[in-house]
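Asker: sharing a model that was predicted from the sequence below.
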Amino acid sequence: MSNIIEFNNINKEFKIFLRDKGLWGAIKGLFKRKHKLIKALNNVCFEIQEGDIVGYIGPNGAGKSTTIKIMSGILTPTSGQCKINGYIPWKDRKKYVKSIGVVFGQRSQLWWDVPVRDSFELLKDIYNIPTEEYQKTLDILIDILKIGELLDRPLRQLSLGQKMKCELAGALLHKPKILFLDEPTIGLDAVTKLAVRDFVKYINKEWKTTVILTTHDMTDIDALTNKVILIGKGKILYNGSFEYLKNKYANEKTITVEFLKEYDKIEVEGYNVVSHDKNVAVLKNFPQTIFNTQKFLQTITQKYEIVDFSVNTISVDEVLAKLYKEFNL
């Protein structure tokens, strides 16, 4: 597949004005303003192929929002080159925006006091969508997102989950090639989260829509993405599959073992005993020890009689925490 997004050495600096403390500082600031430069993005480079679902992750203040704003044409970078779907976003904005859809979890592109259907009709006119094509697309979106009964209600009367479904529909009425999703499941209940994820998978598969997802919800990343890009302090720190990260960090296992009788001391080669109380012990494998159920049982049963055991893998959130720790984020 060809690259639909190319980011080459993108830098973005913001000028922050400073002033001295107190009244005298405020007066001096009227005549001579001090400032410092904040580098939000530092030589950011990545490529995204057509049809990818990419998780763009990082802690608060890492540069995610700045990147998305540059990709959506809202901000102009200080330096560097960016080409998306054949356009330079901040230069070819009028032509470019016809090929993208944007959904921000905390902002709305629909009108607050008018029925959702009227907002959709206005978007139809803004994007100059032919009536027949608009109706066909809307029917598909209504069917998949189950929003038929919401169209004649003002946005202000809808729940958070209902609003998000309508926002997704509004962003996709013109069938964009690229969809930017910023925290799309924030605050949603479990059922609505699943519905949103299923919908993203559908448009990616059926419409070949490329999706860029920024979120702190790692279950979204795990469920949807085929690639993750980690940004921290304005720099790209990791660009690859989430599966690799899970395999790298999730090798750590917590094994709870119930013994037939009480033992004074438990020792198992390659494992650290986290706790030991009467006939139950909790162990963790050393980083260099790859957990294998059969091998573990063979090792422990040579010295102890066991009744039962259970194995727990670290969660996807713990995988992210370990990733952040590795890069001191």
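Answerer: It's in.
Asker: low pLDDT regions in the stretch 201-329 of the chain?
Answerer: Within the stretch 201-329 of the chain, not a single segment meets pLDDT under 70.
Asker: which parts of it are strands?
Answerer: Using DSSP state E, counting those that start in this stretch, the strands of the stretch 201-329 of the chain run over 210-214, 227-232, 235-240, 253-259, 271-277, 280-285, 306-313.
Asker: where do the helices sit along the chain?
Answerer: Here the chain has its helices, by DSSP state H, at 22-31, 64-71, 93-96, 116-126, 131-145, 160-172, 190-206, 218-224, 242-249, 293-301, 316-326.
Asker: how far off centre is the fourth one?
Answerer: Meaning helix 116-126. 28 Å (CA atoms, centre = their mean, to the nearest Å).
Asker: try the last one
Answerer: Counting by CA atoms, centre = their mean, helix 316-326 is centred 14 Å from the centre of its parent chain.
Asker: what does that helix contact?
Answerer: Residues from elsewhere that reach helix 316-326, judged by CB atoms under 8 Å, 6 or more residues apart in numbering: 57, 59, 218-219, 221-222, 230, 232, 238, 245-246, 249-250, 314. From N, CA and C alone the C-beta is placed, and that goes for glycine too.
Asker: got the buried residues for it?
Answerer: Residues 316, 319-320, 323-324 are the ones in helix 316-326 that count as buried (16 or more other CB atoms under 10 Å).
Asker: and that helix with strand 227-232, angle?
Answerer: Counting by axes from the mean of the first three to the mean of the last three CA atoms, to 10 degrees, helix 316-326 lies at 40 degrees to strand 227-232.
Asker: could you do the longest one as well?
Answerer: Orientation check (the same axes, to 10 degrees): helix 190-206 against strand 227-232 gives 120 degrees.
Asker: likewise for the second one?
Answerer: Taking the same axes, to 10 degrees, one finds that helix 64-71 is oriented at 120 degrees with respect to strand 227-232.
Asker: next: the fifth one.
Answerer: Interaxial angle, helix 131-145 versus strand 227-232 (the same axes, to 10 degrees): 80 degrees.
Asker: do the same with the fourth one
Answerer: Helix 116-126 and strand 227-232 meet at an angle of 90 degrees, taking the same axes, to 10 degrees as the criterion.
Asker: by contact count, what packs against helix 116-126?
Answerer: helix 131-145, helix 160-172 (3 or more CB pairs under 8 Å, 6 or more residues apart in numbering; DSSP states H and E).
Asker: and the shortest one, C-alpha only, in PDB?
Answerer: So that's helix 160-172. Extracted in PDB, the C-alpha atoms of helix 160-172 (Å, rounded to 0.1, in the frame of the first residue of the first chain):
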ATOM      1  CA  LEU A 160     -22.900  11.800  25.700                       C
ATOM      2  CA  GLY A 161     -22.900   8.500  23.900                       C
ATOM      3  CA  GLN A 162     -25.700   9.500  21.600                       C
ATOM      4  CA  LYS A 163     -23.800  12.800  20.800                       C
ATOM      5  CA  MET A 164     -20.700  10.800  20.000                       C
ATOM      6  CA  LYS A 165     -22.500   8.600  17.500                       C
ATOM      7  CA  CYS A 166     -24.000  11.600  15.800                       C
ATOM      8  CA  GLU A 167     -20.600  13.300  15.700                       C
ATOM      9  CA  LEU A 168     -19.100  10.200  14.000                       C
ATOM     10  CA  ALA A 169     -22.000  10.200  11.500                       C
ATOM     11  CA  GLY A 170     -21.500  13.900  10.800                       C
ATOM     12  CA  ALA A 171     -17.800  13.500  10.200                       C
ATOM     13  CA  LEU A 172     -18.300  10.700   7.700                       C
END
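Asker: what is the mean pLDDT for that helix?
Answerer: Helix 160-172 carries an average pLDDT of 92.
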